[in-house]
Every structure is written in structure tokens, then in C-alpha cells.
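S.K.: Have a look; sequence and predicted model below, questions after that.
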Amino acid sequence: MTAADGHVGVKDGRPLAGVRVLEFGHFVAGPFAGTLLSDLGADVVKIEPLTGDALRGENAAPFMSANRGKRAIALDIKADGGAGIVEAATQWADVVTHNFRPGVDKRLGIDAATLRARKPGIVVVQSTAYGPDGPKAALPGFDTLLQGLAGHFVQAGGDETRPLAYRFSHVDYASGMMGALGVVSALYAGRRGGTAPSVNVSLMNTAVFMLSQLVREADGQFHGLPTLSEDRTGFSPAESLYRAADGWLAVAALGEPAGRRLAEALDLPRVAELPTSQWGEREKQEIGEAISRQTVQAAVGSLRQSGVWAEPVQTEPVPALMSDEGMVAAGTAFVVGSADGAVQRSQPGRIASFRRLSNQLTAADAHVPELGEHTREFLAELGYGPADIDDLVARGVVR
């Protein structure tokens with residue numbers, strides 16, 4: 001197969017070019033790992049049931065974010081002939097990923113032991129809710145449940161300790177990052193001459209890992225995670241959100257020198273004389289009143305000029321970031337245009353960029369596959385002839 005073939009599986013000279021990934025993921029945590037691997041150059045083929053991933057359809061946004069840049073086939077693994085396709089695809093793949101619960105993978109024939117019996121050295125990544133072992137191993141789990149169990153909602157609740165739900169599924173996406181890192185590590189281990197290890201990623205591990213600031217001392221006391229203020233605008237007057245005359249801005253004056261610069265920039269001599277560790281509600285109110293008399297642009301400009309870190313709080317962050325020329329130039333966002341130059345879509349860019357590679361992603365990277373879009377193409381690559389594929393379609397094994 002050559003670059004002239006032009007399908008999404010063909011990549012440029014990115015770090016994982018030539019690596020083949022077979023993905024049985026659904027929802028977000030498992031599939032997002034595949035998207036990151038695709039961004040790094042891997043050819044990722046997503047295998048879905050005939051009804052499609054559960055996030056297709058009405059929940060298009062999370063599906064798109066976790067599945068762009070892949071090829072997709074629709075397959076009934078349990079149907080007559082389905083297991084044979086999986087076995088052939090396993091021989092094609094360097095990596096197999098899935099986020100089925102322990103036991104389900106074995107019934108489907110895609111557990112590590114079965115796959116390695118077919119192809120020794122293949123990298124197998126399993127993403128679960130609570131890990132592969134233990135009393136909760138067989139339970140399903142979702143981002144909201146794990147954020148609650150790990151205490152993320154309480155940590156977001158402020159001094160009142162009332163839980164506060166956070167709308168972004170950061171445990172899911174962070175787990176996807178951990179899965180992609182596991183794949184890269186396993187591939188590296190294998191290419192150094194060792195045995196490529198199986199990789200296990202769990203939402204629970206990720207959720208707890210994200211509490212890494214939390215430390216328990218021998219006497220049972222916990223410390224490390226600062227508590228949000230009662231109004232949930234920040235951790236202290238020096239690191240907080242403030243309302244200006246026409247919007248909000250974020251301020252981070254970390255350390256005593258930065259705290260003094262913040263107070264001096266706002267012409268608050270009494271506050272400037274106090275160590276930031278002694279700042280309380282009175283100081284926060286004075287800082288807030290001084291900022292409220294300025295526009296966001298003026299406040300951010302003067303604070304930056306004084307050496308204080310400040311940024312406007314975007315009221316429409318996604319459109320603003322995705323269309324920001326600086327973000328596009330840095331590869332943080334990328335824009336895919338049609339042949340006539342009209343913008344079709346702006347999306348988040350790669351999680352990492354490389355000096356010798358362009359930061360810009362391509363139209364193929366932005367493409368979100370339709371259900372079964374690449375079924376015939378991929379089966380042909382596995383050696384199935386046109387008549388064989390027609391028969392599989394007619395019998396409802398693939399679509």
C-alpha cells in the first residue's frame with residue numbers, strides 16, 4: 001500500500017507511521033487513545049457492532065472528538081464468519097485496544113492471552129472502570145461516577161463542601177491519554193528486544209492519579225489540595241477569577257513578589273504591605289472593586305505590564321480558541337477548509353507537535369468515519385475477495 005492510495009490509514013512521516021492499531025473501543029476513554037495514536041501517525045481501524053458505537057447519533061460531539069482520523073468497519077463478531085475476520089485483523093495489527101469489562105473480552109476472543117496465542121508480541125490495551133481485578137472489576141463505570149467516587153465533585157464545591165458537577169469528562173479524556181502513553185511505552189519495550197507488556201488503564205486509577213497533590217500523613221491528616229473559596233472563584237485572593245466592567249478575568253499572582261505587583265498595579269498600598277498568605281476576604285473585596293472599574297482588556301493589559309499573570313475568561317471559549325490565529329499557528333487548533341477555501345471545521349490540534357513535522361493536521365485527520373465506511377476497503381486488505389465481502393454483507397456479518 002502506498003501514499004497514493006489516499007485513504008486515512010496512510011500517514012506522513014509522523015512518529016507512529018506504519019503502526020497498525022485495531023480498536024474495539026466505545027464511548028470516550030478507549031477511543032480517545034486511538035485518536036491520539038492516529039494523530040501520531042498510526043493507522044487506526046475502529047471495529048464497531050452493526051448498530052454502531054453508543055455515542056453515534058445525538059451525542060455527536062463526544063463521538064467526533066474521540067474518533068476522528070480513523071477508519072471504521074461494522075462487524076458482528078458473534079456471527080458466523082465474524083471471529084475469522086477478527087483473527088485476520090489481529091494478524092494485521094501491531095496493537096489491539098478495547099474498553100470492555102473483564103470477562104467480556106475473553107468471550108469475544110480479544111483478551112490478551114487469546115490474541116498473543118495468535119500473534120506473540122502484539123500489544124494489548126484494556127481500559128476498564130475499576131481495573132482488571134478486585135470486587136468492582138466487573139462493574140461498568142462512567143466519568144461522572146468516577147469523578148464522584150474520587151472526590152472531584154467535592155473538591156470543586158468550595159468551602160461549603162457542597163458537591164459541584166464539572167461538565168467536562170476529564171477523567172475519560174485523561175484515561176485516553178494514559179492509554180496512548182501505554183501503547184507507546186509497550187511498543188518501545190518491544191522494539192528494545194523485550195516482551196511488549198499488556199497495558200491496563202482504569203478510570204479509577206486516572207481519577208485518583210489526578211488527586212496527586214493529596215498527601216496523607218502518618219497521623220491521618222490530609223493536605224495538599226487547596227480548597228476553593230465559598231463563591232468558587234479561586235483558591236485565594238491572589239489566584240482567582242474577578243469580574244471587570246464588561247466580563248471576567250483570571251489572575252494568578254503566585255508568590256510574594258507577584259502579590260505585591262498585583263496590589264501595586266491596582267493602587268492598593270495597604271494590600272501590598274501584607275504577605276499574600278495573610279490575604280482574606282477583605283483583600284479579595286478590595287482587589288475585586290479595583291478590577292471592576294476597568295474593562296477586561298484594560299485590566300489584563302495593565303496587570304501583564306506589571307508582571308502579573310492574567311488572562312480574560314472567554315465567554316464563548318470554543319469558538320474563540322478554535323478561530324484564534326495564534327492557536328492555529330501553534331497547532332493548538334487547526335482548520336480544515338473545502339476546495340474553494342470555505343472553512344468546514346475547526347478542531348483541537350495534536351496533543352504534541354514535533355519540530356520536524358508540520359503542526360497542521362490534514363483533512364484526513366479531521367475526518368470522522370461513518371458507520372462501516374471502510375468495511376469493504378479493510379476486508380480487501382485482509383485478503384477477502386469481492387464475492388466473499390458481498391456474502392458477508394448479505395448474511396449480516398458486516399455492513
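M.R.: Structure's in. What do you need?

S.K.: From here on, just use CA atoms for contacts and neighbour counts.
M.R.: OK.

S.K.: Could you pull out the strands in this protein for me?
M.R.: 20-24, 43-48, 71-74, 95-98, 123-128, 199-202, 215-216, 222-223, 234-236, 239-244, 247-252, 309-312, 333-337, 343-348 (DSSP state E).

S.K.: quick one, which of these is nearest to residue 166?
M.R.: Nearest to residue 166, of all these, is strand 234-236, at 15.1 Å by Cα to Cα.

S.K.: neighbouring contacts of that closest one?
M.R.: Outside strand 234-236, the residues within contact range by Cα atoms under 8 Å, 6 or more residues apart in numbering are 226, 227, 228, 229, 240, 241, 279, 280, 284.

S.K.: at 7 Å instead, please
M.R.: Strand 234-236 is contacted from outside by 226, 227, 228, 229, 240, 241, using Cα atoms under 7 Å, 6 or more residues apart in numbering.

S.K.: And the residues you listed, which of them are buried?
M.R.: 227, 228, 229, 240, 241 (16 or more other Cα atoms under 10 Å).

S.K.: what about this protein, any weak spots by pLDDT?
M.R.: 1-12, 58-59, 158-161, 225-226, 317-318, 335-347, 349-361, 363 (pLDDT under 70).

S.K.: Quickly list the domain ranges of it.
M.R.: Domains of the chain are assigned by automatic domain parsing as 3-210+369-394, 234-312, 317-348.

S.K.: Spatially nearest residue to residue 119 (excluding sequence neighbours)?
M.R.: Once flanking residues are discounted, residue 119 sits nearest to residue 91: 6.5 Å by Cα to Cα, 6 or more residues apart in numbering.

S.K.: Surely that neighbour and residue 117 touch.
M.R.: No. With contact defined as Cα atoms under 7 Å, residue 91 and residue 117 do not form a contacting pair (11.0 Å).

S.K.: hmm, back to that, reformat the domains of the chain as a markdown table; add distance to residue 222.
M.R.: Below are those laid out as a markdown table (distance: least, Cα to Cα, whole Å):
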| stretch | distance to residue 222 |
| --- | --- |
| domain 3-210+369-394 | 13 |
| domain 234-312 | 17 |
| domain 317-348 | 35 |
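
S.K.: Identify whichever of those lies nearest to residue 221.
M.R.: Going by Cα to Cα, the one of these nearest residue 221 is domain 3-210+369-394, 16.2 Å.

S.K.: if we can go back for a sec, the residue nearest to residue 119: neighbour count?
M.R.: Look at residue 91: counted by other Cα atoms under 10 Å, it has 15 neighbours.

S.K.: Same check on the one 10 residues further on?
M.R.: Applying other Cα under 10 Å, we find 20 residues neighbouring residue 101.

S.K.: Do I have it right that it meets residue 136?
M.R.: No. The criterion here is Cα under 7 Å, and residue 101 misses it with residue 136 at 10.3 Å.

S.K.: quick one on the thing from earlier: any chance of a markdown table for the strands of the chain, columns distance to residue 34?
M.R.: Shown next, in a markdown table, are the strands of the chain (distance: least, Cα to Cα, whole Å):
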| stretch | distance to residue 34 |
| --- | --- |
| strand 20-24 | 7 |
| strand 43-48 | 6 |
| strand 71-74 | 11 |
| strand 95-98 | 8 |
| strand 123-128 | 11 |
| strand 199-202 | 14 |
| strand 215-216 | 33 |
| strand 222-223 | 36 |
| strand 234-236 | 35 |
| strand 239-244 | 36 |
| strand 247-252 | 34 |
| strand 309-312 | 33 |
| strand 333-337 | 19 |
| strand 343-348 | 15 |
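
S.K.: Can you say which of these is nearest to residue 171?
M.R.: Comparing these under Cα to Cα, the one sitting nearest is strand 199-202, at 9.6 Å.

S.K.: Show me what the closest one is in contact with.
M.R.: 124, 125, 126, 127, 128, 129, 130, 131, 175, 178, 179, 182.

S.K.: How about the contacts made by the residue sitting nearest the centre point of the chain?
M.R.: Nearest to the geometric centre of the chain sits residue 173, at 3.1 Å (Cα atoms, centre = their mean). By Cα under 7 Å, 6+ apart, the contact list for residue 173 reads 28, 29, 32.

S.K.: Look up the closest residue to the last one, ignoring the ones flanking it.
M.R.: Nearest residue to residue 32 in three dimensions, chain neighbours excluded: residue 66, at 4.3 Å (Cα to Cα, 6+ apart).

S.K.: What distance do you get for that neighbour to residue 78?
M.R.: 25 Å (Cα to Cα, to the nearest Å).

S.K.: first to last residue in stretch 247-264, what's the distance?
M.R.: 22 Å.

S.K.: do stretch 194-205 as well
M.R.: First residue to last in stretch 194-205 (Cα to Cα) measures 26 Å.

S.K.: quick one: buried residues of that stretch?
M.R.: So for stretch 194-205, counting by 16+ other Cα under 10 Å, buried means 195, 196, 197, 198, 199, 200, 201, 202, 203, 204, 205.

S.K.: quick one: the lengthiest helix in the chain to strand 20-24, angle?
M.R.: Counting residues, the longest helix found in the chain (DSSP state H) is helix 170-191. When axes from the mean of the first three to the mean of the last three Cα atoms, to 10 degrees is applied, the directions of helix 170-191 and strand 20-24 differ by 140 degrees.

S.K.: For helix 170-191, list every residue counted as buried.
M.R.: Those would be 170-187, 190, for helix 170-191 by 16+ other Cα under 10 Å.
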